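> With the input below, show me the fold.
(chains A and B)
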Protein chains: 2
Amino acid sequence: VKTCLEAGKNVVTSNKALVAAHGTELLQIARDKNINFQFEASVGGGIPIIRPLYTCLMGEKIEEITGILNGTTNFILTKMDKEGASFDAVLKEAQALGYAEADPTADVGGHDTCRKISILTAMATGKEVNYEDIYTEGITEITDTDFKYAEKLGTSVKLFGSSRIDGDKVVAFVAPMMIAKEHPLYAVSDVYNGVLVKSNMLGTSMYYGRGAGKLPTASAVVADIMEEAKNLNKNIPLGWGADKLAIAPVEESAHAYFVRMAGAADALAELAGQYLGECKVVTLDGLDEFAVVTQVMSEKKFNEAKAALEEKLAAAGSKVLQRIRVQA
Amino acid sequence: VKTCLEAGKNVVTSNKALVAAHGTELLQIARDKNINFQFEASVGGGIPIIRPLYTCLMGEKIEEITGILNGTTNFILTKMDKEGASFDAVLKEAQALGYAEADPTADVGGHDTCRKISILTAMATGKEVNYEDIYTEGITEITDTDFKYAEKLGTSVKLFGSSRIDGDKVVAFVAPMMIAKEHPLYAVSDVYNGVLVKSNMLGTSMYYGRGAGKLPTASAVVADIMEEAKNLNKNIPLGWGADKLAIAPVEESAHAYFVRMAGAADALAELAGQYLGECKVVTLDGLDEFAVVTQVMSEKKFNEAKAALEEKLAAAGSKVLQRIRVQA
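Numbering: from 1, shown residues only, chains lettered A, B, ... in the order given. Modelled structure (predicted):
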């Protein structure tokens, strides 16, 4: 790709790993040569999202981009939600259907989502993002029991890639999130992707479509080619420069938290509340465990409270079984 | 606007009535003068939808555009759904909040939605659409009882503007539609708008955002102005020509139908089935009426069956109380 651009050839790619790792350099060569390097298909194949970011939203200050950006994990989580199946069982099914790779780490570990949110964050801020700076948690620890609680709470669990931009401070992360039915991304199911954009004037907008697939990818590539053909020898201003974006640690993000603990709620919920603050307590029939949902707090504060609670739980023969961030 | 364009001045507008009525002429003047006439803000103020139609989707053959395009009616229907309130009560509240005009006819009668779907249909086909050709039914006949049935069926009722494009045949209409929870537009609530686009390669994509408001409209106008400023003395290819699009009559559309009838299901459901075909029967406790949901059939066939059924119902002292199209 670099050789092509240096030779003055316009380039279109769907390769997100390339864009995330070398986008800054490739965009600069395109600018220097007055040609174009475009990559609509690299994020959400069937969702026009890159182009709206540099055309429709160009007068906007973007405050948040949050997306369901990986079709494989969304397929798995949707199946777990609807059918009550375990992660392992659904992963095997997804592999048999060709929706998941034999080595599914890039998808289920959140790394694919990480590259995509890093590209979107760079588009939104105009600065280079090192995707390795983005805290990334996958979905391998999400269980069918979590979905039973989620159902009782009227929520679901989705893998989010998210960036919140507040002046110079940008908090970005990839993690499973518990979200309510009212969340615009709640209805994004199966292999579909969705991207929610909050900006200063437009407010909340959302883009939804197929995450991948030959035809959606081809369509995005064709749209790029047509735009480049209309702009021969004229660089379309887009992308980001060499300024590096500082990503704040995930400890500076704030969420509510869903926490499952072994033992009986009657005996332990009060203890949990002493450390985690005012909580909603949830129980499931027939299980010797319970869960709480905390109020919104910084992740740093939550981690400290959880560590202190875990000591006390251990003394009582209990322990924390799960913790999932909750979109309040 | 015409005078400005003829004088060689680029124009941006948010006036959908102007675009729907005179777009063809104004677009042609812009082409002749090699300048630009743009109108992103005219449809779904806070949703970038016009621009994706001529950029992101430019390699696509569009097969369907269906949208919730009017914030006032969507606010009213959402309130009726969530609170069980009557149309009149919610309309008064919407007027008090400034969400509905003192004369709400353009909104609740579906005429605003009609102009917007006619603009989107012209964008999708490249042909002029006479909005008066589009069958338009508003929401004034939708009642709180309808929403009780909708809840029991796991559905909601939304005002759709819709165009289905099949070769030379285009069926377009504006009407309240009963839709299931799984429909991508189900989650579009309150004053939000959503536009679903089905196309040959991309498949289903969806755009969501605020329907109106000062800031979203301003943002769309700014994006248009910036694009025009980057394209001075160069017409951006968009919009439609003078070829007129023939809109097929709504009788050629096909839906399932929700039909409410006075009287007891025990006595009358079989009769209804004889005319409407295999139906799902729904009853509500305490009401001397029932409803059925038919299979999908052409509207022509349904209207004939309904007329024949109504004669028999009259003889039995019953009548049809409501009919709402159902998105199957």
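
> Show me what whichever strand or helix holds A:F290 is packed against.
Secondary structure from DSSP states H and E places A:F290 in strand A:289-294. Counting contacts by 3 or more Cβ pairs under 8 Å, 6 or more residues apart in numbering or on different chains; DSSP states H and E, strand A:289-294 is packed against strand A:254-262, helix A:265-276, strand A:279-282, strand A:320-326. C-beta: built from backbone N, CA, C; applies to glycine.

> List the pairing partners of it within its sheet, with orientation.
Looking at strand A:289-294 with DSSP bridges, its partner strands are strand A:254-262 (antiparallel), strand A:279-282 (antiparallel).

> List of residues touching it?
Identification of contacts with strand A:289-294 by Cβ atoms under 8 Å, 6 or more residues apart in numbering or on different chains yields A:149, A:153, A:256-265, A:268-269, A:272-273, A:276-284, A:302, A:321-322, A:326.

> Mean neighbour count, the strands paired with strand A:289-294: which tops it?
Of these, the one with the most neighbours on average (mean count of other Cβ atoms under 10 Å in any protein chain shown) is strand A:254-262, at a mean of 21.

> contacts for it?
A:145-146, A:149, A:153, A:177-178, A:268, A:272, A:276, A:288-299, A:302, A:306, A:313, A:317-328.

> Compute the inter-axis angle for it and strand A:320-326.
Per axes from the mean of the first three to the mean of the last three Cα atoms, to 10 degrees, the angle that strand A:254-262 makes with strand A:320-326 is 160 degrees.

> by how many degrees do strand A:254-262 and helix A:265-276 diverge?
Relative orientation of strand A:254-262 and helix A:265-276, computed by the same axes, to 10 degrees: 150 degrees.

> mean confidence score for strand A:254-262?
The average pLDDT within strand A:254-262 is 97.

> Likewise for stretch A:312-321?
Averaged over stretch A:312-321, pLDDT sits at 96.

> List the buried residues for it?
Neighbour-count burial for stretch A:312-321 flags A:L313, A:S318, A:V320, A:L321 (criterion: 16 or more other Cβ atoms under 10 Å in any protein chain shown).

> what do you get for stretch A:199-210?
Across stretch A:199-210, burial judged by 16+ other Cβ under 10 Å covers A:S199, A:M201, A:L202, A:G203, A:T204, A:S205, A:M206, A:Y207, A:Y208, A:G209, A:R210.

> ditto for stretch A:129-142
So stretch A:129-142, judged by 16+ other Cβ under 10 Å, has buried residues A:V129, A:Y131, A:D133, A:I134, A:Y135, A:T136, A:E137, A:G138, A:I139, A:T140, A:I142.

> got it, and stretch A:320-328?
A:V320, A:L321, A:Q322, A:R323, A:I324, A:R325, A:V326, A:Q327.

> and what of stretch A:211-227?
Buried residues in stretch A:211-227, counted by 16+ other Cβ under 10 Å: A:211-213, A:215-224, A:227.

> Who does the nearest residue to A:Q322 once chain neighbours are set aside form a beta bridge with?
Of all residues not flanking A:Q322 in the chain, A:R260 sits nearest, at 4.1 Å (Cβ to Cβ, 6 or more residues apart in numbering or on different chains). Bridge pairing for A:R260 (DSSP bridges) gives the partners A:A291, A:Q322.

> how about the residues of the stretch 101-250 of chain A near chain B?
Within the stretch 101-250 of chain A, the positions near chain B by Cβ under 8 Å from any Cβ of the partner chain are A:182, A:184, A:186-187, A:189, A:199-210, A:213, A:215-216, A:218-220, A:222-223, A:226-227.

> Just the ones in helices from those, please.
In helices, judged by DSSP state H, the following of those are found: A:L215, A:P216, A:A218, A:S219, A:A220, A:V222, A:A223, A:M226, A:E227.

> thought the last one was touching A:I236?
This means A:E227. Yes - in this structure, A:E227 is within contact of A:I236 by Cβ atoms under 8 Å, at 6.8 Å.

> Need the overlap of contacts for the two.
In contact with both A:E227 and A:I236: A:N36, A:Q38, using Cβ under 8 Å, 6+ apart.

> hmm, back to that, to the chain's geometric centre, what's the distance from the strand holding A:F290?
Distance of strand A:289-294 from the chain centroid (Cα atoms, centre = their mean, to the nearest Å) equals 24 Å.

> Endpoints of stretch A:137-149, how far apart?
20 Å (Cα to Cα, to the nearest Å).

> Identify the residues contacting that stretch?
A:73, A:76-77, A:80-81, A:84-87, A:108-111, A:156-157, A:159, A:173-176, A:258, A:260, A:282, A:284, A:287, A:291, A:322, A:324.

> Now list the buried members of those.
Buried by 16+ other Cβ under 10 Å: A:73, A:76-77, A:80-81, A:85, A:87, A:108-111, A:156-157, A:159, A:173-176, A:258, A:260, A:282, A:291, A:322, A:324, out of the contacts of stretch A:137-149.

> Output the one helix or strand A:M123 maps to in PDB with nothing but the alpha carbons.
Assigned by DSSP H and E, A:M123 falls within helix A:111-125. Written as PDB, here are the backbone C-alpha positions of helix A:111-125 (Å, rounded to 0.1, in the frame of the first residue of the first chain):
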ATOM      1  CA  HIS A 111      -8.800  -7.000  19.800                       C
ATOM      2  CA  ASP A 112     -10.700  -6.500  16.500                       C
ATOM      3  CA  THR A 113     -13.100  -4.100  18.300                       C
ATOM      4  CA  CYS A 114     -10.100  -2.300  19.700                       C
ATOM      5  CA  ARG A 115      -8.600  -1.600  16.300                       C
ATOM      6  CA  LYS A 116     -11.900  -0.300  15.000                       C
ATOM      7  CA  ILE A 117     -12.600   2.000  18.000                       C
ATOM      8  CA  SER A 118      -9.100   3.300  17.600                       C
ATOM      9  CA  ILE A 119      -9.700   4.200  14.000                       C
ATOM     10  CA  LEU A 120     -13.000   5.900  14.900                       C
ATOM     11  CA  THR A 121     -11.400   7.800  17.700                       C
ATOM     12  CA  ALA A 122      -8.600   9.000  15.400                       C
ATOM     13  CA  MET A 123     -11.300  10.200  12.900                       C
ATOM     14  CA  ALA A 124     -13.200  12.000  15.600                       C
ATOM     15  CA  THR A 125     -10.200  13.800  17.200                       C
END
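
> Packing partners of that helix?
Using 3+ Cβ pairs under 8 Å, 6+ apart: helix A:111-125 touches helix A:16-33, helix A:50-54, strand A:62-68, strand A:135-136, strand A:155-166, strand A:169-180.

> To B:Y54, which of these lies closest?
Ranking these by their distance to B:Y54 (criterion: Cβ to Cβ) puts helix A:50-54 first, at 10.8 Å.

> and that closest one, what does it pack onto?
Against helix A:50-54 (3+ Cβ pairs under 8 Å, 6+ apart) you get helix A:111-125, helix B:50-54.

> Return the most buried member of those.
Most buried among those, given mean count of other Cβ under 10 Å as the contact rule, is helix A:111-125, at a mean of 25.

> Could you find the closest non-adjacent residue to A:G211?
That would be A:G71: by Cβ to Cβ, 6+ apart, it lies 3.2 Å from A:G211.

> Count the neighbours of that neighbour for me.
Per other Cβ atoms under 10 Å in any protein chain shown, the neighbour tally for A:G71 reads 24.

> Need the pLDDT of it.
Here, the pLDDT recorded for A:G71 equals 92.

> Report the contact partners of it.
A:G71 touches A:Y99, A:D190, A:V191, A:Y192, A:N193, A:R210, A:G211, A:A212, counting by Cβ under 8 Å, 6+ apart.

> and if you look at A:E40?
A:V12, A:P48, A:I49, A:I50, A:R51, A:A220, A:V221, A:A223, A:D224, B:C56.

> Perfect, I'm done here.
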